[in-house]
Structures are given as C-alpha cells and as structure tokens.
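**Student:** Model the structure of this input:
(4 chains)
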There are 2 protein chains.
Amino acid sequence: MTEPAETIAERLHAAFDSLTRAERQLADSLLQNYPVSGLGSITLVAKAAGVSTPTVARMVQKLGFTGFPDFQAELRRELEAKISDPITKHDTWVEKAPDAHILNRFTDAVMGNIRQTLTQIDIETFDRACTLLADPGQSVYVVGGRITRSLADYFFMHMQVLRADVTQIQSMSNAWVHYLLDMKPGDVVVIFDVRRYENATLKLAEMAREKGARIILFTDQWRSPVHEFADCTFCGRIVVPSAWDSSVTLMLMLEIVIAEVQEHTWASTRKRMEELEDMFDRTRFFRKFT
Amino acid sequence: MTEPAETIAERLHAAFDSLTRAERQLADSLLQNYPVSGLGSITLVAKAAGVSTPTVARMVQKLGFTGFPDFQAELRRELEAKISDPITKHDTWVEKAPDAHILNRFTDAVMGNIRQTLTQIDIETFDRACTLLADPGQSVYVVGGRITRSLADYFFMHMQVLRADVTQIQSMSNAWVHYLLDMKPGDVVVIFDVRRYENATLKLAEMAREKGARIILFTDQWRSPVHEFADCTFCGRIVVPSAWDSSVTLMLMLEIVIAEVQEHTWASTRKRMEELEDMFDRTRFFRKFT
DNA sequence: ATGATCCTGAAATTATTTCTTCACGAAGGT
DNA sequence: ACCTTCGTGAAGAAATAATTTCAGGATCAT
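**Tutor:** All right, here's what the predicted structure looks like:
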C-alpha cells in the first residue's frame, strides 16, 4: 500500500498529532537525517530511536503501510527519485509527445547514461590523458573499429587541427601493421573499442604496447579487453532503447578531451588555426556570410 | 569490516577486472543509480541485476565484506555521509571535481543543449523523416561537410545495415556531382551542415532539389541555408565552452532516427542483420566472448 | 577433441528479521 | 484508593532473508 504523490516525511508531519509519545520519538528520529535513518532493519531503526520494535511496526501501520518492509520499500523509491536529480530524470523531454514516444524514451536513457558516466569518471585519468595528448614531443595515433570508426574520425579531425603529428590508422585493412613501424616509445595511441570487441584492435593494442606506446582507450561500461594494455581508460554507458548502442556519451567525453587539450596547447594551436583560416579563405570553401 | 576512505563504487571499479561475468552484471546494476540499487534485500538486488542471490553474496565477500548485511551497512553509511554533506548540489556532474572544472562546465552545457533541442523538436518532422528513410522504394544518399563528415559516416554505417540502397557522398572531392546522375525524384538526401556552412553542400542541395529529391537536413540552431531546400530540418544546439562546437545533440537525434527507422523496417532489417551476423562469424572479426 | 577448472543458480539450510501476543506499568477518571 | 484504558517492550512464532552446498554447464589449456 503506497499513497501517491506524498512523501513519507510529509505523512509523518501530518500524522504527528495522532502519534503517541514513543511514536513521536521515533518519527523524530526518522526525520533526523531523513531518509537514510529509516533504511536499516526494523531493529536498527528502533534502537536508533530508542524505542522497541513493535512501536516501529505499529507506527508504520498507522501511516497506512501493510508493514515495515512496505514502508521501507516506499522510502527507497522516494530516495531513488531524490537522488537522480530532476534535470536528468525528466521523463518527458518533448512535451508534445507522449512519454512513451521514442524521442522521450531515448533521450531519457541518454541523459541517464551521461550522468552515470560522468559521476564515475576518474579525473586523474582525464587529466593524464589530456596531458599526454598535449605533448608535442610525441606522435598521436587514432584508431577505431567498425562502429567507432566515425568517432575516431571525429577525434582525429579535431586533433589534426590542434597539433602536429597526428595519424589515423585504418584498422579495417591489414595495413595497420605498417603504422607500427614508426611507433616510438612514448607515442600515444587513442583506441576506440566498444561491444563486439575486435580482435584486430586488441592485437594492435598489444603490439603498440610492446613498442612502448601509451594507450588511451575509449570503451563501453563493460570495458574492452584492450583495457589491459591501456594507460587511460574512459568508459561510457551506451545502453539505449534501440537495437544499437549509443555513442553519445563517448562523443561527449571526446569533445571534453578536445576542449581541454586545446587549453593546454593553445599557444601553438592558435597559430595553426589562424593559418587554417587563411587557407580556407583562399579555397572559398565556406560561405562568407550566413 | 569496513575499509576507510574508499567508496563502494570505487571498490567496484577497482575490482571490476577480477569479477566474473555474472558479477560484472551485478556490479553494473549496482552502479546504475548508485547507491540506492543496493539498499534492498539481497533477493531484490539479485533480481534487479538478473543474477542469483549466491552471486551477490559471493561478490560482496570478494570485495572484502563479511557478508551482504555488512556490505549494505557500509552502503548506508556512505549514503548518509553523502546526504548530510551540504555540498550535494546536483549541478555538479563529476562530484570530485570543482564546479568550474571543464568536465562539469562542458557537461552542463551539453545537458542544456539537449534539453533545449528536444523541447523544440517538431514531432511531425521527426515522424516524416523516419517514414521517408524507411521507404524501401527510394534510394538514400548521405552527405556531410568538413566537421560533420563523421556524423554522416556514422549515420551511413547504420542505415547501410538497416536497408538497401544507401549511398554515402564524398562531398570533399568534386566527384559528388556524379551521384546526382542517378538521383531519381523522391529519393532522399540526408545532409549535414553546421556553422561554417559549405558552398558545395548548398549547391548539392539545390541541384538535388531540382532533381526532385527530398532533403533531410541536420543543422545547428542558426540553420544552414540548405534549410530553404529541405523537407525536414533538425536543428541541434551546439554551443559549449570550447573553441569547437558540440556534435552531441546532433548525434543524439541521429541515433533516435536510426532507432525509429529500424522499428519501421524491422521485418526486412531483421533478415539483413542475421545475415550480417553469419558473415561476421565467418570472418572471425570479433572476439567470441568477453 | 578432451579433461580440468571455474562459474553459476537451484535447492536446502541456517540465520535474521518482522510480526504477534501478552503482561506490566503509567495516566486519568470515578 | 481502585479500576479502566492505553501505551510499551519482552518474548516467542511466523516469515523472510542470507548463506552454504552441490551439480550441471561453460570456458580454457593442452
């Protein structure tokens, strides 16, 4: 039995007058650092409040629950709703569409993925990866798999503007071995590998490692086996209501890395970008206005 | 038994490699809206993760707890510390990093972008675009620009699996005109064009339009001039604290379109995907397990 | 291929929790 | 002062949860 749209805290306050002495003591204890105090066993809750267990059982029944477990389940639900903040647990993104519309369901999942991924990201790993990528003394190689090729491509395109010595490895063909020839110790290899982890990618990682290269890995929550060889691993949540996995969280992390690396390298990147602008001007590639 | 100064989430991550398949599945479930998911009874936790109760008991022991109740008690302590901490303002995504850290600022911006983009999306446009793309009678062409080439690539790769008659146009070279030769009235051209709108892209749109093609445009909030020729336009917010624009919202919309088109075409797509699986099996391209 | 090893969940066992009953004691009315 | 009424917690009963055992099954090395 669970009343809708009313928190247990509110119910406690509402019912406070009709409670007995020991029950008020209990209600007080529950509201004190609510709602965690109510999550232990009935024995613990009773002890914390300084009352007996039957008092607890009686009070939750007074509040309209069938028993203590029922009460506790409701408390957990409430906590869950509170923890996942209102922005991410929005449910309806496109207000004109029903909740069940794919636009809403998908967006909800992606928002959750992002929040999840970001709260669990390791800042030191992030900073380390950015420092590695900003080091002009080392070459950077970028490689992706079947699906992640586009991400690798995106990352490569940006890095190429930011700094010199960036190479994209075509992992599909067998030609990727050629790139290993010029790999020096300390060089940085950025690898993308998500579900349906690829054998070629793993082999490449292993061999690059033997060459003394440092590996930055972008993978999913289950971690590609490349992880064994990687210096920095970024795990993104990728599960969405679709037959495919989502690359959005990985894309987000990529872009943040790009932004941060650019901060590091700004002195030299600035010149590169100006030069690029000049060259674009001469190609009349882009529209001048609008 | 309780280790100090290390959260269970961190321990789960640290131990992830030494966990078995079912245990990883469990760890995953626990980290998903952590830490509330771990607060139910062992039975509930097991069921939520889709594993058996012994698996839960085994894993918490691996993590160094004497048993499930011990594990849960630690989880509650952790939660209490987190709740009572006044700095639990949730506009911070990476809790260990300051608000001003690029990870938080960037994510904040992207979240806002997604929200705004989605609230402004037109459902009819969305549905119309998906219907167009699901029509097996018409050919689909995909074309991107300098930055958006990766997005086009990503979209193409998925569409190619979903249905026949999908072509990626390389807009960089001059060869794109060749593709216009075979374009029939009613064919669908998916165009990506964001800031620094490209002349070649606009020209292509114009000429495709003259051929009677329908155009689906993915652009930014300021709308590429291609919009004039487009049947369906998707505008994504792309502004982030970076020298570059963000492609995350566009990627999100792409993925939703892919998911929805797949719904429409599932009957035929299913066969295609099964065949693809068979062929992959024969190539030994992917790792069989893990 | 084959055997050894390890993982996994069903079932049984054990422990714990939750609920109920009941007797004691306090408060308030007669 | 006595009785009635109600609140309270101790103790036991019932229910539920946690752990252990075990056999089938998957994986890996040979």
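**Student:** For the rest of this, base every contact and every neighbour count on C-alpha atoms.
**Tutor:** Fine.
**Student:** any idea which residue sits dead centre in chain A?
**Tutor:** Residue closest to the average C-alpha location in chain A (CA atoms, centre = their mean): residue A:117, at 1.1 Å.
**Student:** Would you mind measuring from it to residue B:48?
**Tutor:** 20 Å (CA to CA, to the nearest Å).
**Student:** Check residue A:222 too.
**Tutor:** 18 Å.
**Student:** Looking at the two, which is more packed in?
**Tutor:** Higher neighbour count among residue A:222 and residue B:48: residue A:222, with 19 against 16, using other CA atoms under 10 Å in any protein chain shown.
**Student:** ok, the more buried one - contacts?
**Tutor:** Going by CA atoms under 8 Å, 6 or more residues apart in numbering or on different chains, residue A:222 touches A:195, A:235, B:24.
**Student:** Which of the three states applies to the first one?
**Tutor:** Assigned with DSSP: H, G, I helix; E, B strand; the rest coil, residue A:195 falls in the coil class.
**Student:** Help me confirm that it comes into contact with residue A:220.
**Tutor:** Yes - because the distance of 6.9 Å satisfies CA atoms under 8 Å, residue A:195 is recorded as touching residue A:220.
**Student:** more neighbours, those two?
**Tutor:** When neighbours are counted by other CA under 10 Å, residue A:195 and residue A:220 differ, and residue A:220 comes out ahead with 24 against 17.
**Student:** Show me which residues of stretch A:20-30 are buried.
**Tutor:** The neighbour-count check on stretch A:20-30 (16 or more other CA atoms under 10 Å in any protein chain shown) flags A:22, A:23, A:24, A:26, A:27, A:28, A:29, A:30 as buried.
**Student:** pLDDT at the nearest residue to the fifth one once chain neighbours are set aside, what is it?
**Tutor:** Taking CA to CA, 6 or more residues apart in numbering or on different chains as the measure, residue A:27 lies nearest to residue A:12, with 6.5 Å between them; neighbours along the chain are not counted. Taken from the predicted model, the pLDDT recorded for residue A:12 is 86.
**Student:** Downstream of the helix or strand harbouring residue A:12, the next helix or strand is which one?
**Tutor:** Assigned by DSSP states H and E, residue A:12 belongs to helix A:8-15. Moving toward the C-terminus from helix A:8-15, the next helix or strand (DSSP H and E) is helix A:21-31.
**Student:** hmm, that next one in reach of DNA strand C?
**Tutor:** No - judged by CA under 7 Å from any atom of the strand, helix A:21-31 stays clear of DNA strand C, getting no closer than 10.1 Å.
**Student:** Pull that helix out as PDB, backbone CA atoms only.
**Tutor:** Coordinates of each C-alpha in helix A:21-31 appear next as PDB, following Å, rounded to 0.1, in the frame of the first residue of the first chain:
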ATOM      1  CA  ARG A  21       5.000   9.500  23.000                       C
ATOM      2  CA  ALA A  22       7.200   6.700  21.800                       C
ATOM      3  CA  GLU A  23       6.000   7.100  18.300                       C
ATOM      4  CA  ARG A  24       6.800  10.800  18.200                       C
ATOM      5  CA  GLN A  25      10.200   9.900  19.400                       C
ATOM      6  CA  LEU A  26      10.500   7.500  16.500                       C
ATOM      7  CA  ALA A  27       9.100  10.000  14.000                       C
ATOM      8  CA  ASP A  28      11.700  12.500  15.200                       C
ATOM      9  CA  SER A  29      14.500  10.000  14.800                       C
ATOM     10  CA  LEU A  30      13.300   9.200  11.200                       C
ATOM     11  CA  LEU A  31      13.100  12.800  10.200                       C
END
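**Student:** and that helix, what other elements does it pack with?
**Tutor:** helix A:42-49, helix A:53-62 (3 or more CA pairs under 8 Å, 6 or more residues apart in numbering or on different chains; DSSP states H and E).
**Student:** returning to that earlier point: number of residues surrounding the residue nearest to residue A:27?
**Tutor:** Neighbour count of residue A:12, defined by other CA under 10 Å: 19.
**Student:** Show me where chain A dips below the pLDDT cut-off.
**Tutor:** A:1-5, A:84-91, A:172-173, A:284-290 (pLDDT under 70).
**Student:** all helices of it, in order?
**Tutor:** Using DSSP state H, the helices found in chain A span residues A:8-15, A:21-31, A:42-49, A:53-62, A:68-83, A:102-119, A:123-134, A:149-162, A:176-181, A:199-210, A:248-283.
**Student:** what's the angle from the second one to helix A:53-62?
**Tutor:** Read it as helix A:21-31. Helix A:21-31 and helix A:53-62 meet at an angle of 80 degrees, taking axes from the mean of the first three to the mean of the last three CA atoms, to 10 degrees as the criterion.
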